[in-house]
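K.L.:
With the input below, show me the fold.
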Amino acid sequence: WTVTATSAHEGMWMPGQTAEVGAAMRADGLQIDPVQLSRLYAAPLNAIVSLGGCSASFVSPQGLVATNHHCVLGSIQYNSKESQDYLTNGFLAKSLGEELPAVPGSRIYVIEDMRDVTADMLKGVSDTLSGFARYERLDTNRKALIAACEEQPNHRCDVGPYYGGSSYYLQQKLEIQDVRLVYAPALGIGNFGGETDNWMWPRHTGDFGFYRAYVAPDGSSRPYARDNVPYRPKSWLRIATKGVQDGDFVMVAGFPGKTNRFLTADEVRFNFAHYEPMLQHLLSDYAAQIKQATAGNREAQIRYASILQGVENYKKKLAGDLAGANAIGLDARKATEEKAFRDWVAEYPVRQTRFDAAIRELDAMVGENSRASLARVRQALLNHSQLLSSARTLYRWTKEHEKPDEDRESGFQDRDHKEISDQLTQIERGYLPDIDRKLFEAALDEYRRLDAKDRDTAFETALYQIGLDRLYAETKLGDTTTRLGWLDKPAAAFEASDDPFIKLAVALYPGDIAAERAAKDRAGRSQAARAIYMHGQHAYRQAIGRPWYSDANGSLRITWGKVSGRTRDGQIWTPFTTAEGFLAKHTGKGEFDAPAAAVAAIRAKDYGPYIAPELGTLPVDFLSTVDITNGNSGSATLNGRGEFVGLAFDGTLDGVISDWAYAPDRNRSIHVDSRFMLWTMDKIDGAGRLLNEMGVLPHRADVRSPRG
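P.N.:
Residues are numbered from 1 along each chain as shown. You can find the predicted model right below:
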């Protein structure tokens, strides 16, 4: 089959697939050789980095990293307090020495290699294995591949399934452990419009911020140290001297998290009838609980800001999912597609022999997986208590360390020590005992709605004996030094401990292990069936000429499209928003409170060289047809020459259904325009040092004093 320019706006493509899609990209406006996009060791792809949840990119030879404001929000919050409110006022380091350590656990991952390891992953895997044994064999193979890759110092490697586990690729990344916050605009720019405008168009949000990567003087990766120096990337993105216009080619390179376009019709039906409605309800309640618990307490609001924004973002996305599924008739659409595939399989006995049994087995797994997933959502609510979550992690760590490293559970091996330690440390700036208790009490109310067979009797008995008053009064886990000290203690110390949260963790452990074993068995059986099912889907799609790409799974992908507005059912969305629209939304209150300097500059039309000539004003955000999802936040948006023209940061609420089924009439992605970024840095925040570093000549960067 051939990918055409129009069909290929659908799909998040692996770099190695550029041979298949290169002609379509050229037809749409790509000006560099598509082969360049398969070279992870060369520009522009080796300037693209992962933050382990968000995407980002190097934009200077000094390791300066551009990403979204909401991707650095945790670090802004971590460094803020009521008397030094960087959340509200923004932050700008005046020099390298003033750049602040990011929130513990922050990493910058530089992609170096991506290779097919399917044959190695499937060694010893056979149809005679039980689901659990199959899972364990795959996991053993995966850990061996990762261990071999990580014999290179300063590297982090992972192996991910593609096409439903019918193939596997290893990603090799340089891990940079010293990450520092460099600059973030005020909340009235970086999150202008707040939750009201989230997932909406028109949008006027300057969703950008900057980190810097630091390494030891010899170039090796190590944690924060005063004598560390800025990392020198092999390449960095050049800032385009000319911004994009309506109809221009744009591409996005980043690390999209998860899409579900190749699930069966029954799996999709269950998700929208049961799973997402329940999850949305629980998230809505959780957001309300955080707001109520922190009301009138600015210090508490700062500490829980990052958690709250994440919850509200996901809650609203689910609302878009549910509405979108109805709007496009997703159930009927999936049923029609599924029937066409199964009819194709039934046409010839050789296809039936190859695929029928796997299809039946996958169908049988849906009910089993569905029931378990609903129970798991409510069971996970117990981790709304950050101290209980920490205690469970600590006890699991010490139990796993009774085994040889290669036999430990993924996430609890020696390679994970720093990550676990950082997770346990960052709680200190995002936790208050009275708030934690209120959130835990609300979580317990929901947990108790589970069927008795899905609740943990040992946990409930222990909690009843301790009581909530003692739970918070007597624990020492709220102290960071004490909390981290438990990482080095043996299991016997946990089992003899009087700390009430440790006692709860010990009580939960047997049930956790039993539930995990059952989940592994289901996963093994599902993988065996789905891998064959996806081989069938591949053959079918080749036969009918439909694009074939793997669902997003957190690995590096390229997607492209055009700068484009949208007209539908009386709605006309122009492709750009402007400074005048930003000013029109400004109320001086709440989510629409822009910085005074920005308001004054817009009123004076002080836009300098950042005007878009065809608009006659300063652009803020723009729409495109590129196909992205969660995890693409912070992804560099590039023009046809591979130059930086903005950052992807959102989609539109009625288009998020594309995670489940691509809808070209609805799919639009939202990007902050590089011209608005540069204008804010230059005219509003005086970030001339950074503009010079990025190769951009500040227009008048010395007029205002930088904040810090």
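K.L.:
Every contact and neighbour count from this point should use C-alpha atoms.
P.N.:
Noted.
K.L.:
For the residue of the chain most remote from its centre, give me phi and psi.
P.N.:
Within the chain, P349 marks the point farthest from the mean C-alpha position, 43.1 Å out by CA atoms, centre = their mean. Main-chain dihedrals, P349, degrees, to the nearest 10: phi -60, psi -30.
K.L.:
same check, this time on the one 4 residues further on
P.N.:
Main-chain dihedrals, T353, degrees, to the nearest 10: phi -60, psi -40.
K.L.:
ok, it - how many residues close by?
P.N.:
12 (other CA atoms under 10 Å).
K.L.:
Read off the pLDDT value for it.
P.N.:
pLDDT, T353: 95.
K.L.:
residue contacts, it?
P.N.:
Residues in contact with T353 (CA atoms under 8 Å, 6 or more residues apart in numbering): none are found.
K.L.:
Please work out which helix or strand belonging to this structure has the smallest mean pLDDT.
P.N.:
Least confident helix or strand, the chain: strand 566-568 with a mean of 87, by mean pLDDT, DSSP states H and E.
K.L.:
list the helices and strands it packs on?
P.N.:
On a contact count with 3 or more CA pairs under 8 Å, 6 or more residues apart in numbering; DSSP states H and E, strand 566-568 meets strand 571-573.
K.L.:
The strand it packs on pairs with which strands?
P.N.:
In the sheet, strand 571-573 lines up against strand 566-568 (antiparallel) (DSSP bridges).
K.L.:
buried ones in the partner strand?
P.N.:
R566 (16 or more other CA atoms under 10 Å).
K.L.:
now do stretch 509-528
P.N.:
Y509, G511, A519, K520, D521, R522, A523, G524, R525, S526, Q527, A528.
K.L.:
low-confidence ranges in this protein?
P.N.:
1-8, 698-708 (pLDDT under 70).
K.L.:
what about 50?
P.N.:
Residue ranges of the chain with pLDDT under 50: 1, 6, 700-708.
K.L.:
gap between the helix or strand hosting A19 and the chain center?
P.N.:
Take DSSP states H and E as the rule and A19 turns out to sit in helix 18-28. With CA atoms, centre = their mean, to the nearest Å as the basis, helix 18-28 stands 27 Å off its chain's centre.
K.L.:
which strands and helices sit next to whichever helix in the chain runs longest?
P.N.:
Using DSSP state H, we find that the single longest helix of the chain is helix 500-544. The contact analysis (3+ CA pairs under 8 Å, 6+ apart) places helix 500-544 against helix 131-149, helix 330-346, helix 349-379, helix 386-400, helix 457-466, helix 468-474, helix 491-496.
K.L.:
Touching, L170 and E112? I think so.
P.N.:
No - in this structure, L170 is not within contact of E112 by CA atoms under 8 Å, at 10.6 Å.
K.L.:
neighbour-wise, which of those two wins?
P.N.:
Each of L170 and E112 has its neighbours counted (other CA under 10 Å); L170 has more, 21 against 17.
K.L.:
Just say helix, strand or coil for the nearest residue to that one once chain neighbours are set aside.
P.N.:
By the measure of CA to CA, 6 or more residues apart in numbering, the closest residue to L170 outside its immediate chain neighbours is V159, 4.3 Å from it. Recorded secondary structure, V159: strand (DSSP: H, G, I helix; E, B strand; the rest coil).
K.L.:
Sort out which residues of the helix holding A19 are buried, please.
P.N.:
Those would be T18, E20, V21, G22, A23, A24, M25, R26, D28, for helix 18-28 by 16+ other CA under 10 Å.
K.L.:
which parts of stretch 534-543 are buried?
P.N.:
M534, H535, G536, Q537, H538, Y540.
K.L.:
does Q152 sit in a helix or strand, and which one?
P.N.:
Using DSSP H and E, no helix or strand contains Q152.
K.L.:
Look up how far Y231 lies from it.
P.N.:
18 Å (CA to CA, to the nearest Å).
K.L.:
quick one, which of these two is more surrounded?
P.N.:
Taking neighbours as other CA under 10 Å, Q152 and Y231 compare with Y231 leading, 21 against 10.
K.L.:
I'd like to know how far the more buried one sits from P217.
P.N.:
Distance from Y231 to P217, by CA to CA: 9 Å.
K.L.:
got the residue ranges for the strands in the stretch 201-350 of the chain?
P.N.:
All strands of the stretch 201-350 of the chain, identified by DSSP state E, counting those that start in this stretch, fall at 209-215, 229-230, 249-254.
K.L.:
and the shortest one, which strands flank it?
P.N.:
Based on DSSP bridges, the strands next to strand 229-230 in the sheet, each with its direction, are strand 209-215 (antiparallel).
K.L.:
contact partners of the strand it pairs with?
P.N.:
62-69, 71-72, 108, 176-185, 190, 221-224, 228-231.
K.L.:
circling back to that earlier point, distance of the residue nearest to L170 from R517?
P.N.:
21 Å.
K.L.:
How about S95?
P.N.:
Distance from S95 to R517, by CA to CA: 51 Å.
K.L.:
For the least confident helix or strand of the chain, give me every contacting residue.
P.N.:
Strand 566-568 is contacted from outside by I572, W573, T574, P575, D665, using CA under 8 Å, 6+ apart.
K.L.:
buried subset of those residues?
P.N.:
For the contacts of strand 566-568, a burial check counting by 16+ other CA under 10 Å picks out P575.
K.L.:
Pipe the contacts of strand 566-568 into a markdown table and attach distance to I466 per row.
P.N.:
Below are these laid out as a markdown table (distance: CA to CA, whole Å):
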| residue | distance to I466 |
| --- | --- |
| I572 | 60 |
| W573 | 58 |
| T574 | 60 |
| P575 | 58 |
| D665 | 56 |
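K.L.:
Which of the contacts of strand 566-568 sits closest to F649?
P.N.:
Of all those, F649 sits closest to P575, with 15.2 Å by CA to CA.
K.L.:
which non-adjacent residue is nearest that closest one?
P.N.:
P575 sits nearest to G565 (CA to CA, 6+ apart), 4.0 Å away.
K.L.:
The one you found touches D621, doesn't it?
P.N.:
No - counting by CA under 8 Å, G565 stays clear of D621, with 11.6 Å between them.
K.L.:
Tell me which of those two has more neighbours.
P.N.:
D621 (29 against 17).
K.L.:
I figured the more buried one hits F208, correct?
P.N.:
No - judged on CA under 8 Å, D621 makes no contact with F208 at a distance of 11.5 Å.
K.L.:
Overlap of the contact sets of these two?
P.N.:
Listed as contacting both D621 and F208 by CA under 8 Å, 6+ apart are V672.
K.L.:
For the stretch 1-150 of the chain, which segments count as strands?
P.N.:
Under DSSP E, counting those that start in this stretch, the stretch 1-150 of the chain gives strands at 48-50, 55-58, 64-67, 91-92, 100-101, 108-116.
K.L.:
Direction included, what does the third one pair against?
P.N.:
This points to strand 64-67. By DSSP bridges, strand 64-67 pairs with strand 55-58 (antiparallel), strand 209-215 (antiparallel).
K.L.:
how distant is the last one from the center of its chain?
P.N.:
A distance of 18 Å separates the centroid of the chain from that of strand 209-215, by CA atoms, centre = their mean.
K.L.:
just the first one next, same as before
P.N.:
In terms of CA atoms, centre = their mean, the centre of strand 55-58 is found 13 Å from the chain centre.
K.L.:
What's the local residue count around the closest residue to E361 other than its chain neighbours?
P.N.:
Distances taken as CA to CA, 6+ apart put A529 closest to E361, at 6.1 Å, once the chain neighbours are dropped. Neighbourhood size, A529 [other CA under 10 Å]: 23.
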